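In: kindly generate the corresponding structure for this input.
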Amino acid sequence: MLNKYKMVWAMTLVYALLIGCKKDEAAAQAPVTLKSPLTQRLLDSAGVMAQVFSDTLFEVSPGIKETDIHYLSREGYSMRAFILEVDVNHPNILLQAGTPYNATAYAMQTVPDMAKYMEKPDYRVMAAVNADFFNTSTGEPRGIYVKDGKVLKTTWANARSATFIGVLKNGKPYIGDREDFVAKQNDLEDALGGGPMLVRNNQVLTQTDLSVEPRTGVGMNEQGKMYFIVVDGRSFYYSNGCTITQLGQMLKACGSTIAVNVDGGGSSTFMIKHPLADVWQVRNRPSDGTNRAVGNAWMIISR
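Out: Reported below is the predicted structural model:
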């Protein structure tokens with residue numbers, strides 16, 4: 001009799017576990033109403049998302065929108081991505097190179113602290129991301145460096161320092177490679193170096209670096225939209241990072257016809273002036289566990 005009761009209890013337990021698994025499976029596969037058009041573009045065409053768990057979309061300020069996405073990668077890992085869509089044609093929007101203490105000397109400072117030295121009453125830092133790779137002892141950027149119309153560095157540290165992001169003296173953003181810099185350097189108001197070119201002529205480029213890390217990338221299209229993306233990593237249950245090829249796929253899916261990789265890892269920082277409170281907020285989770293002091297950043301200014 002005791003064995004009979006044990007058998008019934010075991011069957012009941014198995015049945016309950018099966019029902020629970022079915023419920024969990026149904027919940028995992030439940031459709032999510034996507035809030036951001038960028039999320040839909042990424043899901044449809046980037047080739048990196050298996051499932052979107054949630055997304056958010058809000059306006060940081062006129063001309064600046066943020067999309068945050070929690071998704072399952074094609075490899076089966078939890079992922080978080082943060083994207084700024086910036087309309088650089090908006091009359092009040094300006095892109096500017098951020099440097100420690102808003103000075104030209106090499107140094108290191110967190111992105112929020114850089115913003116403090118740039119902010120003025122009629123010149124507000126609304127968003128920012130980290131930029132070029134840098135010497136972690138001195139803060140010297142690995143790539144070229146132009147600030148306030150002054151060409152301060154024209155050399156490149158290594159083969160990976162292959163690109164740059166700039167702002168022309170007419171206020172228009174520009175992304176190019178080493179040859180483009182030689183042709184454009186006297187027309188630049190600001191410029192900071194970058195890593196490999198990810199997208200060019202609307203085509204994702206083949207990369208040899210297959211490492212999976214936190215990443216930051218910047219892209220733009222021909223209609224005056226810029227895309228700044230941070231993908232968090234190095235945290236198994238939160239977000240695992242991506243390859244630079246996947247970063248390029250995501251930037252192209254957003255709409256970028258040209259895009260570059262910039263510094264990542266613990267440097268990846270995605271900051272906004274929060275629309276519900278007059279504070280700068282780092283929206284991602286830098287993998288160091290705190291905001292890393294970096295050599296430079298891109299600041300999105302509202303005038």
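
In: what stretches of this structure score poorly on pLDDT?
Out: 1-30 (pLDDT under 70).

In: give me the distance from stretch 153-173 to the chain's centre.
Out: Per Cα atoms, centre = their mean, to the nearest Å, the displacement of stretch 153-173 from the mean C-alpha position of its chain is 18 Å.

In: over to stretch 289-301?
Out: Averaging C-alpha positions (Cα atoms, centre = their mean) puts stretch 289-301 12 Å from its chain's average.

In: which parts of the stretch 151-300 of the chain are strands?
Out: 163-168, 173-177, 188-194, 197-200, 203-204, 215-220, 225-231, 258-262, 270-273, 280-282, 297-302 (DSSP state E, counting those that start in this stretch).

In: got the angle for the third one vs strand 173-177?
Out: Comparing the axes of strand 188-194 and strand 173-177 via axes from the mean of the first three to the mean of the last three Cα atoms, to 10 degrees yields an angle of 50 degrees.

In: strand 188-194 pairs with which strands, parallel or anti?
Out: strand 145-147 (antiparallel), strand 163-168 (antiparallel) (DSSP bridges).

In: just confirm residue 220 contacts residue 259, I think it does.
Out: Yes: if you go by Cβ atoms under 8 Å, residue 220 and residue 259 touch, sitting 7.5 Å apart. (Each C-beta comes from the backbone N, C-alpha and C, glycine too.)

In: between those two, who's got more neighbours?
Out: The residue with more neighbours, out of residue 220 and residue 259, is residue 259; 31 against 27, by other Cβ atoms under 10 Å.

In: excluding chain neighbours, what is closest to that one?
Out: Nearest non-adjacent residue to residue 259, counting by Cβ to Cβ, 6 or more residues apart in numbering: residue 219, 3.0 Å away.

In: hang on, the one you found packs against residue 198?
Out: Yes: the pair residue 219 / residue 198 is scored as a contact, 7.4 Å apart, by Cβ under 8 Å.

In: overlap in contacts, those two.
Out: Counting by Cβ atoms under 8 Å, 6 or more residues apart in numbering, the common neighbours of residue 219 and residue 198 are 251-252, 259-260.

In: neighbour-wise, give me the winner out of those residues.
Out: Counting by other Cβ under 10 Å, top hit in the shared contacts of residue 219 and residue 198: residue 259 with 31 neighbours.

In: spit out the contact partners of it.
Out: With the criterion set at Cβ under 8 Å, 6+ apart, residue 259 makes contact with 175, 197-199, 217-220, 227, 248, 251-252.

In: ok, residue 219 and residue 198, which is more surrounded?
Out: residue 198 (28 against 25).

In: please name the bridge partners of the residue nearest to residue 259.
Out: According to DSSP bridges, beta-bridge pairing links residue 219 with residue 227, residue 259.

In: report the two of the shared contacts of residue 219 and residue 198 separated the most.
Out: Using Cβ to Cβ, the two most remote members of those are 252 and 260, lying 12.3 Å apart.
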